[in-house]
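Trainee: Starting from these lines, generate the structure:
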Amino acid sequence: MSVCGRKRLFLDSSPASVSYKKLRRCSPPAPCFEAKAETANDGEATAAAAAAVPDQQHPSAGTQNLPVDGAERADFFVRELASCTSMEEAKARASRMLDNLENSIKNAAQESAQNLHKENSMLKEQMQALVQQNTVLKRAVVIQHERQKESEDKNNELQHLKQSVSQYQEQLRTLELKNYALTMHLKQAQQSNPIPGSFHPDVF
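Mentor: Numbers count the residues shown, from 1 in each chain. Now for the predicted structure:
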């Protein structure tokens with residue numbers, strides 16, 4: 001038993017086995033491992049090239065027609081990214097979708113700004129029209145006030161004239177009564193005077 005053990009130890013420590021181990025350690029890899037490594041590198045290069053060019057199988061990722069609703073847009077992004085076959089393709093497609101989203105937001109902001117500018121212009125025109133109408137209405141109110149004042153002045157003048165006419169009529173009646181009384185005195189004086197042609201000097 002000891003002899004066999006020594007013989008095996010001798011064989012393991014022989015120069016031939018040491019040189020075999022060195023040769024095995026320094027020898028190039030087997031062809032099968034080289035083929036697998038080359039296949040992996042080719043796959044990564046193909047994925048990078050596919051991610052660098054526009055996606056032909058999924059043209060929707062490069063279009064500008066993105067969903068308007070936030071939930072639909074999130075679902076759209078998830079579907080597009082889920083259909084990618086590599087990380088590089090997912091990054092490239094996400095970059096394109098983000099660029100499209102940014103352009104869509106810019107276009108929406110520009111359109112909103114244009115609509116707001118149009119609305120402001122319309123409001124300014126309406127405001128100017130209202131100011132003109134207000135000016136016309138103010139002028140009409142002033143004219144109406146002046147006419148009303150003239151009408152009140154004429155009404156006051158008419159009332160004054162009516163009062164004057166009433167006073168003149170009263171004075172006329174008074175004068176008529178006085179004239180009637182004088183006429184009666186004259187008749188009485190003529191009847192009481194026997195001498196015709198002689199009249200009281202106070203009467204005539």
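
Trainee: which helices and strands sit right next to the lengthiest helix in the chain?
Mentor: In terms of residue count, the longest helix belonging to the chain (DSSP state H) is helix 87-192. Judged by 3 or more C-beta pairs under 8 Å, 6 or more residues apart in numbering; DSSP states H and E, helix 87-192 is in contact with helix 31-52, helix 70-82. C-beta: built from backbone N, CA, C; applies to glycine.

Trainee: hey, least reliable of those helices by pLDDT?
Mentor: With a mean of 42, helix 31-52 has the lowest mean pLDDT of those.

Trainee: show me what contacts residue 169?
Mentor: Not one residue lies near residue 169 by C-beta atoms under 8 Å, 6 or more residues apart in numbering.

Trainee: hang on, the earlier thing: now the angle from the longest helix of the chain to helix 70-82?
Mentor: 170 degrees (axes from the mean of the first three to the mean of the last three C-alpha atoms, to 10 degrees).

Trainee: average pLDDT for helix 87-192?
Mentor: Mean predicted lDDT for helix 87-192 stands at 92.

Trainee: where's residue 187 relative to residue 181, distance?
Mentor: 11 Å (C-beta to C-beta, to the nearest Å).

Trainee: What of residue 152?
Mentor: Distance from residue 152 to residue 181, by C-beta to C-beta: 44 Å.

Trainee: One more: residue 155?
Mentor: Taken as C-beta to C-beta, the span from residue 155 to residue 181 is 39 Å.

Trainee: That'll do, ta.
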